[in-house]
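Peer 1: Show me how the following folds:
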Amino acid sequence: MSQFISVFDMLKIGVGPSSSHTLGPWRAAEQWIQFLKMATIFDKIDGVRIDLFGSLALTGKGHATDYAVLLGLSGADPEHIPISNIDPIINDIKNNNKLQLNSEREINFSVENVIFNKAFLPFHANGIIFRGFHKGKEIATETYYSIGGGFIVQEEDHLKQEIEITKKNFPFPINRAIQLEEFCKKENLEISDIVLKNELELRSSGEIDAELNRIWDTMLECMYIGCHTEGKLPGGLNVKRRAFSSHEKLIKDTTYTNHKEWITAIRSTEVKFREILKWVSCFALAVNEVNAALGRVVTAPTNGSAGVIPAVLMYYLVIENHEADFKHVKKFLLTAGEIGSLFKKNATISAAMGGCQAEIGVSSAMAAAALTELLGGTASQCLVAAEIAMEHHLGLTCDPIGGLVQIPCIERNAMGAIKAINAAEMALETDPEEVKVPLDKVIDTMWETAKDMHKNYKETSEGGLAMNVGFADC
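Peer 2: Coordinates of the predicted model:
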């Protein structure tokens, strides 16, 4: 029986700056509330304490992990909460020492009840324990782990194969890239076709289209907001937003009134190699500047790497194919999601487990494969593109300065997007029969590299740039 990970698991709408350190803990808080209700002790809870461990503690402040937990406990949902509501909720808790538990009950609470423990729990680098009290006595304790991309598990879940294996019989059970390739050849279908047939076991065609439309619209709006917002990013590094000024120079005097018309406006601009590089970089920077400012992004496959896929898809829409429409967006997202799931199943998409190769590397591979399909490549060439993109991200460390998803994270999205486009073009000129390194081998190598990587380079801010460059330098 095959483990099934939906494209909607790999591409999730949420709030920045981190899928593993913000979205995951937020979801864990929501899940703990549900546990309390199922155990019929929700109404008894009059005190709460949260212990963050390992990477969640070491970079938790910079990743707004404490805020995410408080928002989750307050009943706010990361997919739908108005961004403007975040600060008022947090400030109310800080100023009044009260927490509106699931927006149903008010309890006494101090932000100091979120404890940062530098020790690592043995199961995973991103551990979090929720403790519930009644009249001073601890009556509910649950441990969760944020394993990347907004996925959360408990230790007993892992014993059941970490992600629940559905009992449905999917027409194309896929765990490895070679299986995907064989299905495509046997059925004479593209990767996106295979993925769609599996997705149709869970949702109707209309539901799939509606959700993919919503994901793309969120990506597009995120790029639009990033390109039209100037100033500096929060967090103390005083990082200047660059997408605004870059966009201003590229768009010139073209007129438009919303993010839909924006695509047409960009299509009318001058296209030279340097401008293409600047546009792709601008799109990627825009997304991750929004992410760094606790804006709404699409985890793809993580928040820290959220800019690569929309930047490459936007490149196709505004540079490669001016006639492109939703059917192209759909194919791109379906293919990208499937490639991401292969890394999720056989390696990791968590920087706390594998460094930035697990985030930017995976997103670049996802985008490269998806672009290759849109450019007319075969399924085998799509897998070659994913392999090329990941091969040249192997060993990439995660060393965010100040624990903030800003330096070097934002620029890495631009580089990952450019590499994805380059990998796609190389794959289109490649005979897959002559390829020496298949995608499955690269995925396995990435996982071995992740396990060998020193913990200081796995989202702890205890090595690399995070140690050699400080706030004073910025």
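Peer 1: Please enumerate the strands of the protein.
Peer 2: 12-15, 47-54, 98-101, 105-108, 114-117, 126-134, 137-148, 151-153, 296-299 (DSSP state E).
Peer 1: Among those, show me which one is buried the most.
Peer 2: strand 296-299 (a mean of 28; mean count of other CB atoms under 10 Å). For every residue, glycine as well, the C-beta is placed using N, CA and C.
Peer 1: Counting by contacts, list what that strand packs against.
Peer 2: Contact here means 3 or more CB pairs under 8 Å, 6 or more residues apart in numbering; DSSP states H and E; on that basis strand 296-299 packs against strand 12-15, helix 205-227, helix 273-292.
Peer 1: Tabulate these (CSV), appending mean pLDDT.
Peer 2: Below are the helices and strands packed on strand 296-299 laid out as CSV (pLDDT from 0 to 100):
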stretch, mean pLDDT
strand 12-15, 95
helix 205-227, 98
helix 273-292, 97
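Peer 1: Distance to residue 442 added to those, as JSON lines?
Peer 2: Output for the helices and strands packed on strand 296-299, formatted as JSON lines (distance: least, CB to CB, whole Å):
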{"stretch": "strand 12-15", "distance to residue 442": "25"}
{"stretch": "helix 205-227", "distance to residue 442": "26"}
{"stretch": "helix 273-292", "distance to residue 442": "23"}
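Peer 1: Looking at these, which is nearest to residue 145?
Peer 2: Distance to residue 145, taken as CB to CB, is lowest for strand 12-15 among those, at 17.3 Å.
Peer 1: How much space separates the closest residue to residue 260 other than its chain neighbours from residue 7?
Peer 2: Spatial nearest neighbour of residue 260, excluding adjacent residues (CB to CB, 6 or more residues apart in numbering): residue 220 at 7.8 Å. According to CB to CB, to the nearest Å, residue 220 stands 18 Å off from residue 7.
Peer 1: More neighbours: these two, which one.
Peer 2: Set residue 220 next to residue 7 and count neighbours by other CB atoms under 10 Å: residue 7 wins out with 24 against 20.
Peer 1: roughly how far apart are residue 62 and residue 207?
Peer 2: Applying CB to CB, the value for residue 62 to residue 207 is 37 Å.
Peer 1: higher neighbour count, those two?
Peer 2: residue 62 (23 against 13).
Peer 1: got the contact list for the residue lying closest to the more buried one once chain neighbours are set aside?
Peer 2: Once flanking residues are discounted, residue 62 sits nearest to residue 403: 2.8 Å by CB to CB, 6+ apart. The contact partners of residue 403, by CB atoms under 8 Å, 6 or more residues apart in numbering, come to 58, 59, 60, 61, 62, 63, 461, 466.
Peer 1: Compute the first-to-last residue distance for stretch 305-319.
Peer 2: 22 Å (CA to CA, to the nearest Å).
Peer 1: I meant to write stretch 58-78 there.
Peer 2: Termini of stretch 58-78 sit 23 Å apart (CA to CA).
Peer 1: Give the buried residues for it.
Peer 2: Neighbour-count burial for stretch 58-78 flags 58-76, 78 (criterion: 16 or more other CB atoms under 10 Å).
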